[in-house]
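>>> below: sequence and its predicted model.
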Amino acid sequence: MRLPIVLFAALMLGGTTVVPPPSTDPLFAAGQGETRGVLMLIDGRVAQKRYAPGYSDANRFISWSMAKTITAMLVGELVADGRLQLDAPAPVAEWADDARRRITLRQLLHMASGLDHTEVGEPIENSDTNQILFVGGTQDMAARAIAKPLEAAPGQRFEYSSMTTLILSEIITRTLTDSREPRVRAAAYRRFAEERLLRPAGITTAFLEFDGAGTQIGGSILHMGLDDWGRIGTLLLDGRAADGTQVIAPGWLAFMKAPSPTNGHYGGQTWLNTAGADDALFPGKGPDTTVAALGHLGQYVIAARGTVPGTATPRSVVLVRLGKTQDDQLAAVRAALGDVLDPLVE
């Protein structure tokens, strides 16, 4: 049975009918796992919005690692305020007396801290991230992440790690408040996120989760409605909300979207479509400047700016896919997203 389309737009702009965008059917097909919601924005307008049965605007959807990109946006606000410095040693007091004191904020954002973090262990229960999120680290996740020793020189190699982003969340919290009271710490973080990011972007459904110490689980867990995930994608285009408000400073967004020294397909807590290797987001599809927030089990917020294919007409596209797809099917999800994106913008 064909899944219901909440909105499928053949937009009328200035009296001219725009050719409808490609169907999102491939994203709901067999082999895609469980796609729960898809949103497509073209030049800021909703072109398609579609839910699987049982899901609607009433739902908030878990971020998984898409939260990392939002954490980086918040770090950028503190850099803009002069309260954090990108190339200064990360302000982590526990590292002051050993070699970890050389780790910079930039290296943490680039996943190149050199800390001995294991995102996916063998067997899976040996993953540091799983242990901290779901087993024995829930009362103070950042403390467990901070305590890890170096296994490589800072800045030497890329190693994707949710624990690294937990440290960034803890740095944000310590910058905002000296309190060690969990409720005070969580309130300070939530208030800052609301005032500097969520409210200016028009986001109303965000629910942030915190550990027992009041640290936002900034590498893995927050929840938002489908439309608000689209608003995050809109910010990734040029840092502006739909009403034109500049939410993210252009220089900081440029940093987030620039290839890091140790991984040309990763910027500041953001994935890139840079050409030159098979591990680009969508090899051979979409503009090289396409970026995305990605999350476990197939969460995607994709932002692309370029031109209408075959023309010089500027176009921007935001494509959101939320759901639950196991690892062995994720390649098919990414391929389908690339197929939907490619005819829209180059």
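Arrived safely.
>>> please count neighbours and contacts with C-alpha atoms only from this point.
Noted.
>>> just list what the longest strand seen in the chain packs against, helices and strands only.
Counting by DSSP state E, the longest strand found in the chain is strand 314-324. Here strand 314-324 touches strand 34-42, helix 226-238, strand 299-307, going by 3 or more CA pairs under 8 Å, 6 or more residues apart in numbering; DSSP states H and E.
>>> for it, what is the average pLDDT?
In this model, strand 314-324 has a mean pLDDT of 98.
>>> can you check stretch 187-194 too?
For stretch 187-194, the per-residue pLDDT averages 98.
>>> in that stretch, what's buried?
For stretch 187-194, burial by neighbour count (16 or more other CA atoms under 10 Å) applies to 188, 189, 190, 192, 193, 194.
>>> residue 68: which of those is nearest?
residue 193 (13.6 Å; CA to CA).
>>> check which helix or strand the closest one maps to.
helix 182-193 (DSSP states H and E).
>>> for that helix, which helices and strands make contact with it?
Using 3+ CA pairs under 8 Å, 6+ apart, helix 182-193 sits against helix 162-176.
>>> buried sites along the helix it packs on?
Buried, per 16+ other CA under 10 Å, within helix 162-176: 162-174, 176.
>>> now that helix, how far from the centre of its chain.
Offset of helix 162-176 from its chain centre (CA atoms, centre = their mean, to the nearest Å): 15 Å.
>>> which strands or helices does it pack on?
Short answer (3+ CA pairs under 8 Å, 6+ apart): helix 162-176 packs on helix 67-80, helix 105-109, helix 128-130, helix 141-146, helix 182-193.
>>> looking at those, spot the one closest to residue 46.
helix 67-80 (22.2 Å).
>>> measure how far the closest one is from the centre of its chain, please.
Taking mean C-alpha positions (CA atoms, centre = their mean), helix 67-80 and its chain are 11 Å apart.
>>> before we move on, what about stretch 222-231?
11 Å.
>>> okay, residue 202: pLDDT?
98.
>>> report how many residues lie close to it.
Using other CA atoms under 10 Å, residue 202 has 17 neighbouring residues.
>>> any chance of the helices and strands packed on strand 314-324 in JSON lines, plus distance to residue 25?
Putting the helices and strands packed on strand 314-324 into JSON lines (distance: least, CA to CA, whole Å) gives the following:
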{"stretch": "strand 34-42", "distance to residue 25": "10"}
{"stretch": "helix 226-238", "distance to residue 25": "18"}
{"stretch": "strand 299-307", "distance to residue 25": "16"}
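>>> want to throw those into TSV with distance to residue 317 and mean pLDDT?
Below are the helices and strands packed on strand 314-324 laid out as TSV (distance: least, CA to CA, whole Å; pLDDT from 0 to 100):
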stretch	distance to residue 317	mean pLDDT
strand 34-42	5	98
helix 226-238	8	98
strand 299-307	5	98
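>>> and of the ones you listed, who's closest to residue 60?
helix 226-238 (7.2 Å).
>>> got the angle for the closest one vs strand 34-42?
Per axes from the mean of the first three to the mean of the last three CA atoms, to 10 degrees, the angle that helix 226-238 makes with strand 34-42 is 50 degrees.
>>> gap between helix 226-238 and the chain center?
Put simply, helix 226-238 sits 10 Å off its chain's centre (CA atoms, centre = their mean).
>>> for it, enumerate the helices and strands it packs against.
Judged by 3+ CA pairs under 8 Å, 6+ apart, helix 226-238 is in contact with strand 34-42, helix 199-201, helix 250-256, strand 299-307, strand 314-324.
>>> repeat that for 6 Å
Judged by 3 or more CA pairs under 6 Å, 6 or more residues apart in numbering; DSSP states H and E, helix 226-238 is in contact with strand 299-307.
>>> so which elements touch the strand it packs on?
Short answer (3+ CA pairs under 6 Å, 6+ apart): strand 299-307 packs on helix 226-238, strand 291-295, strand 314-324.
>>> would you reformat those as TSV and include distance to residue 214?
Below are those laid out as TSV (distance: least, CA to CA, whole Å):
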stretch	distance to residue 214
helix 226-238	24
strand 291-295	23
strand 314-324	27
